[in-house]
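J.: Let me see the structure of the following:
(one chain, ligands or ions: 1)
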Amino acid sequence: MNNNNFKRPIANIDDATAEQITEVLNNLLANEYALFTKTLNYHWNVTGPRFHSLHKFLGEQYHELLEMMDGLAERVRVLGEVPHSTLKKMTKEMDINEVTGNSLSSSEMLSDLFNSHMMIQSYIKTSITTDKNFEKQPGIEDFLVGLLNKHEMMSWMLKSHLD
Ligand SMILES: [Fe+2]
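T.: Modelled structure (predicted):
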């Protein structure tokens, strides 16, 4: 049985694979961080007749995103690697653009969040379907599928506010 002499906490993973998967997870973490910050921004700055319900709803969403980011960063630790942990690294790698919160209507805020969730969904789907590293690491793949599921649920809730 190949156990890599237990150099890392995951069985049957080589250094190159762990590093390649980490690159994907860290890029995802940077984008989760962008979405988290954006959701927090809108929780603070949303206005209008739906203020109370949207403020509460966005509060729940940013808490959920924080839990998701925490889990993602810890999956990188499980790989034996280091998650992005500074603003500098996060901002350098994020693809999701920030928008100034106080210039948007509540519906524009929700649409912007919805689009960002869809971008992250696409990134996760592309990664797990095209990157062969994930097939060989079902623990990491399963985590990403769980994360994707959460984003799909959150997108549904955002869309339901917009219909
Ligand atoms: Fe709050």
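J.: Can you give me the separation between the most centrally placed residue in the chain and K159?
T.: Centre of the chain computed as the mean C-alpha position; nearest residue by C-alpha atoms, centre = their mean is E32, 3.3 Å away. Noted for E32: a distance of 19 Å to K159, by C-beta to C-beta, to the nearest Å. Backbone N, C-alpha and C define where each C-beta goes, glycine included.
J.: export the lowest-mean-pLDDT helix or strand in the chain as CSV, just CAs?
T.: Sorted by mean pLDDT, DSSP states H and E, the helices and strands of the chain end with helix 132-135, the least confident at a mean of 90. The C-alpha coordinates for helix 132-135 follow below in CSV (Å, rounded to 0.1, in the frame of the first residue of the first chain):
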residue,chain,number,x,y,z
LYS,A,132,-8.4,15.1,-13.2
ASN,A,133,-6.8,15.7,-9.8
PHE,A,134,-10.2,15.8,-8.2
GLU,A,135,-11.3,12.4,-9.5
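J.: Can you tell me what sits against that helix?
T.: T17, Q20, I21, S127, I128, I140, E141, L144 (C-beta atoms under 8 Å, 6 or more residues apart in numbering).
J.: Show me just the buried residues among those.
T.: Among the contacts of helix 132-135, those classed as buried by 16 or more other C-beta atoms under 10 Å are T17, I21, S127, I128, I140, E141, L144.
J.: Check these against D95 and report the nearest one.
T.: Checking the buried ones among the contacts of helix 132-135 against D95 by C-beta to C-beta gives S127 as the nearest, at 13.2 Å.
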